[in-house]
Each structure stands twice: as C-alpha cells, then as structure tokens.
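Undergrad: Got a predicted model here, sequence first, then my questions.
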Amino acid sequence: MTCIRPNATKYSFPQQNVKAFSMLDVKYLRENPEAAEARLKTRGEALNLSGFRALDEKRRALLQTSEELKALRNKVSEEISRIKEKSQAQDRIAEMREVSQRIKALDDELKEVEEALGIFLMTVPNLPSAAAPVGASEADNVVVRTWGEPQAFSFAPKPHWEIGEALGILDFERGAKLAGARFTLYRGAGARLERALINFMLDLHTGRHNYVEMLPPFMVNRESMTGTGQLPKFEEDLFHLDGTDYFLIPTAEVPVTNIHRGEILRGADLPLRYAAYTPCFRKEAGSYGKDTRGLIRQHQFNKVELVKFVCPADSYRELEALVADAERVLQLLEIPYRVVDLCTADLGFSAARTYDLEVWLPGQNSYREISSCSSFEDFQARRASIRFREDDKAKPEFVHTLNGSGLAVGRTVVAILENFQQADGTVTIPEALRPYMGGMESIG
RNA sequence: GGAGAGAUGGCCGAGUGGUCGAAGGCGCCUGACUCGAAAUCAGGUGUGGGGGUGACUCCACCUAGGGUUCGAAUCCCUAUCUCUCCGCCA
C-alpha cells in the first residue's frame, strides 16, 4: 500500500532559481544543437538553434565579466571595512562606486539576455522519445493492440445525444441556456451515472492500483500552468479569471504535478502515484466546427487523472503500467477499445511519448480518444524543478513525470450509452458499475 | 473587507550595516571506542550557475522583486504567503 508521509516525502523545500529554469537541458542544446534540431523536426517543429547559441554565449560572457567585477568589489569592500579611518578609504570607495555602476549595467544586460533565453526555451516543445514512432501526421499513429469486439447491432445504433435526450438524462438545450454552447445539464440517472463513474474509477485506482487520492484546487496560478507546460504558449486555450491571476485547470495534471514543484523528493519514496478527480475547463479555441453535438467536446468536463513521479530508470515501465491501469477501467466496463502509440507529429507540447486509449463508439462508427497517457521524461520536472535524491548523499536529479486519464468521465458516459443501448431505447448498465448505481440494471 | 505580527539552512532557532553561507541545538553522514548497540568524543553535512582535465576556484541565494550603500539576512518600497483580532460567510 502506498501511503503519504508528508514529513518524509517532503525531504526539503529549497529556494529555487525559478528564473533560470530551462525546459530542455541547456547543456544538451549547447552541445548537440544538430541532434536537437533533428529530433524536434520529427514533431514538425522547424527550429533554428543558432539564435539560442548566440544568446547563450553572450550570457556566459556577460556573466564572467560581471562576476569578476563582483569578486573585486567583495575584496576591496572587505579592505575598506578594515580601515578604521574612513577618510583614508575615499579613493577606494569612489572606485568601487564606479565598479558597482558597471556591475549594474552588466547585470541589466544579463537580465535581458536571460529573459530572451527564457522565453525562447519556454516555448520549445519536448524532444520526442527515441521509441516514439516517427510520423508526419495523426495518420502515422500506430495501433498497438485492440481489446474487445465491437458488438453487432440488430438495429441502427444511435449517437449518444439522441439516446440521452430520449431518456431525459442529458439536456443540451438547457445546458446551452445556462452557460452556452458546449455545456450540458445532466439529469436523474445521467447525473448519477457520471457520479458513479467517478467513484468507480477512484475506487479502482486507489484500491487496486495503489494510487493516493488527491482533491486539488480547480484553479491554479501562472507558475503552476508554466510548470506543466500550458503556459506561456497556450494561454488562449485556458479560462482565466478576470481581476486575478488564476486559471481554471484544463486537466488535473496541472495541480497534481505541481504538488511537488520546487521540492526534492526522497528516492525511497518513489514512485509516487496520485489519482485525482477534477472537472476540467477548456476553451477549445480553434475547434469551432468539431464535435458540436453531444458530450464529446465540452468547455467543462469531468476526469479522473493519474499522475506519477518516478525515477528516470523506471520511466517507461511505469508508463506501460499507467496505460494498463487506464485500460483496466474499460475492461471492467466491458467497452471495446484500442491503444494507439502517438507518432512524433501528434505528440503534445510537453510529452516525449504518448499512448492514447480510443473507445469504440457505435453511434459514430469510429474509435474516439478517451484517455491519453504520457511520459514527459524530465521536461516538466525541469520546468517545475521537481527533483529527487537517490540516497541521502546523492546529488539531486530530476524525476520523470507521467500522467494519463483514467478516464475522461463524460466520454465514458458516451461510450456506455452508445455501446449498451438496446433496441427499445433503454441502456443496460455495465455490471461493474451497478453497485455504484444503487443496483440499477438499466436506464429507461 | 479592517487592524496588527511574522517569513533565516532538512527541522528548531540566533543574528538589526562589514571578517555572515550565516552562531547554537536537533537530525543526518564518516571516524574513534564496542563482540555489537546505546551513550560519549572528533570531523563533516545546502542549492544553482560560471571557469578548470583535475585538486580546485569564483559568483549568487537568509520568501520573491525593486531600491539605498564602497558593502545588505540586517535599512527602505512592493508583492506573495502565514498567524492573531474584528467583520462577513459555506
């Protein structure tokens, strides 16, 4: 049983040099610019590192000059302190006044260079894992395995919005009245079904998969959004609360990964596995025509998220286990799905490797994403400064972070309605879920 | 929302302009003693960034960001967070 020992887990909470944080390893970029450019190119990122290298060199030159002057100032200031009669130190004080001014000028310039460097580095996506299939588009994703047989219907299966409306459990019109497009009102057994799924998933992951349940804030600050990679590049996808610096979370990944921002964890405590239910809020900018009907693409939806902090050596074994944990939900619910290995071109900004779970939706005669499980390697750990010490004497190293949906709840409702619909318009409730539905066997 | 107090290393806690990266204690590591352990004694014990093949060396960091000064943990300003009291509230 994994358990949280706050005092043991929180090995230390250092003041971190947040402004110097880098997303990709600066040393790696400095020493292997061609390799980095080539790998980024596989994800469609045409990047020229020459500007970066020029800035990097300028930074080091400025730093050296500034530090030499600081060493001088420290030395002379100490001499001044030893002189009893300050009138005898006037010339040196004047000299140091000038040195200080030069230092100030150098540091101002250095700050500008570091800001430019920071802005550049913050917007460079992660390097794809060497294991990720190289591809040019979504079409090059690789289906790794398929589970379950899409059932043959003796009638034309309906899309979930028709089923839900007919049963009186999904009300899209009133959702739109209350808030707008892409909002839905759940009613009666529909609301119960959503809640049952949340509890079912959390119980499974905490009870059988050894995750610790978390219930984080649903809005976070800018630092947290930057730590996981949503900012600075994707601000237009986020809901921001006017007059504050809070953002509504687009996924529990953000608050849960940032739980350990700025911390040094104990190697013995790894891996840490957290499960969290949260609503998720997304602007869905740029998807105007897509999935306008039904629950597939909402501004607000529920999700149970799995997050792991692991030793780099265990990273990919833990990713496979994470995928298996998410798959288990669909297996218990008896919903056919397939696992897709995303190609380099389809990877998200922060991800190094991603498996998507796609459920079969008979109402749409296609597989649709219901979970996305990724390893970020040390990308988020660098941004958020999350490290661990192998043992008490070891140097801190960056952890690897992983996360995956386990699962998107609204889309699971979609999958249940469409896969378990009956000819008479009712929907059978999967057996595993019935205890969570007060024993109800079917809706309608 | 109003009034006040505070934020120092893994933890506790000193420090109000110079030799302070920071006393002391606790914890931890190494060594001595021991059959072993405890106790005791001695030494050590932060992070990041430059430079050097290396021994090593320099710089920065006392919540964060500015300022004053030859010199700032220490003085000034701002922000954040914590605590106390009042008001309000699930």
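TA: Perfect, I can see it now.
Undergrad: Please enumerate the helices of the stretch 101-250 of chain A.
TA: A:160-167, A:172-178, A:189-207, A:222-228 (DSSP state H, counting those that start in this stretch).
Undergrad: Looking at those helices, which is nearest to A:Ala71?
TA: A:Ala71 lies closest to helix A:222-228 among the helices of the stretch 101-250 of chain A, at 32.9 Å (C-beta to C-beta). Quick note: C-beta positions are derived from backbone N, CA and C, even for glycine.
Undergrad: Run through who's touching the closest one.
TA: A:18, A:122, A:231-232, A:238, A:245, A:247, A:253-255, A:257-258, A:261, A:350, A:380, A:383-384 (C-beta atoms under 8 Å, 6 or more residues apart in numbering).
Undergrad: List the buried residues in that helix.
TA: For helix A:222-228, burial by neighbour count (16 or more other C-beta atoms under 10 Å) applies to A:Ser224, A:Met225, A:Thr226, A:Gly227, A:Thr228.
Undergrad: Need the per-residue pLDDT for the last one.
TA: Put plainly, it is A:Thr228. Note for A:Thr228: predicted pLDDT of 93.
Undergrad: and if you look at the first one?
TA: The predicted local confidence for A:Ser224 comes out at a pLDDT of 91.
Undergrad: nearest to RNA strand B, of the buried residues of helix A:222-228?
TA: A:Ser224 (12.5 Å; C-beta to the nearest atom of the strand).
Undergrad: What residues does the residue nearest the centre of chain A make contact with?
TA: A centroid search over chain A (C-alpha atoms, centre = their mean) returns A:Glu253, at 4.5 Å, as the residue closest to the centre. Residues counted as contacts of A:Glu253 (C-beta under 8 Å, 6+ apart) are A:Thr228, A:Glu305, A:Val307, A:Asn403.
Undergrad: Check those and tell me the two furthest apart.
TA: Greatest spatial distance in the contacts of A:Glu253: A:Thr228 and A:Glu305, 11.6 Å, computed using C-beta to C-beta.
Undergrad: of the contacts of helix A:222-228, buried ones?
TA: Using 16+ other C-beta under 10 Å, the buried ones in these are A:122, A:231, A:238, A:247, A:253-255, A:257-258, A:261, A:350, A:380, A:383-384.
Undergrad: okay if I get those as JSON lines plus pLDDT and distance to A:Leu357?
TA: JSON lines is the format used below for the buried ones among the contacts of helix A:222-228 (pLDDT from 0 to 100; distance: C-beta to C-beta, whole Å):
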{"residue": "A:Met122", "pLDDT": "87", "distance to A:Leu357": "30"}
{"residue": "A:Leu231", "pLDDT": "90", "distance to A:Leu357": "27"}
{"residue": "A:Leu238", "pLDDT": "93", "distance to A:Leu357": "24"}
{"residue": "A:Phe247", "pLDDT": "92", "distance to A:Leu357": "27"}
{"residue": "A:Glu253", "pLDDT": "96", "distance to A:Leu357": "16"}
{"residue": "A:Val254", "pLDDT": "95", "distance to A:Leu357": "21"}
{"residue": "A:Pro255", "pLDDT": "95", "distance to A:Leu357": "22"}
{"residue": "A:Thr257", "pLDDT": "95", "distance to A:Leu357": "20"}
{"residue": "A:Asn258", "pLDDT": "93", "distance to A:Leu357": "25"}
{"residue": "A:Arg261", "pLDDT": "89", "distance to A:Leu357": "28"}
{"residue": "A:Ser350", "pLDDT": "94", "distance to A:Leu357": "19"}
{"residue": "A:Gln380", "pLDDT": "93", "distance to A:Leu357": "21"}
{"residue": "A:Arg383", "pLDDT": "90", "distance to A:Leu357": "26"}
{"residue": "A:Ala384", "pLDDT": "89", "distance to A:Leu357": "26"}
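Undergrad: Among those, name the ones in strands.
TA: Cross-referencing those against strands under DSSP state E gives A:Phe247.
Undergrad: Now the two most distant members of the buried ones among the contacts of helix A:222-228.
TA: Pairwise over the buried ones among the contacts of helix A:222-228, using C-beta to C-beta, the maximum falls at A:Met122 and A:Pro255, 19.8 Å.
Undergrad: Poorly predicted segments of chain A, please.
TA: In the predicted model, chain A carries pLDDT under 70 at residues A:1-23, A:86.
Undergrad: how about the strands in the stretch 1-150 of chain A?
TA: A:142-147 (DSSP state E, counting those that start in this stretch).
Undergrad: Please read the previous query as pertaining to the stretch 301-444 of chain A.
TA: A:337-341, A:353-361, A:366-375, A:387-389, A:396-398, A:400-408, A:427-428, A:442-443.
Undergrad: so what secondary structure elements neighbour the fifth one?
TA: The one in question is strand A:396-398. strand A:387-389 (3 or more C-beta pairs under 8 Å, 6 or more residues apart in numbering; DSSP states H and E).
Undergrad: Roughly how far does the residue nearest to the centre of chain A sit from RNA strand B?
TA: 22 Å (C-beta to the nearest atom of the strand, to the nearest Å).
Undergrad: What of A:Pro128?
TA: A:Pro128 is 23 Å from RNA strand B, by C-beta to the nearest atom of the strand.
Undergrad: before we move on, what about A:Asp107?
TA: 8 Å.
Undergrad: can you pull the contacts of that residue?
TA: Counted by C-beta under 8 Å, 6+ apart, A:Asp107 has contacts A:Ser66.
Undergrad: Then A:Leu295?
TA: A:Leu295 neighbours (C-beta under 8 Å, 6+ apart): A:His160, A:Trp161, A:Gly164, A:Leu170, A:Thr184, A:Phe301, A:Gly410, A:Arg411, A:Val413, A:Val414.
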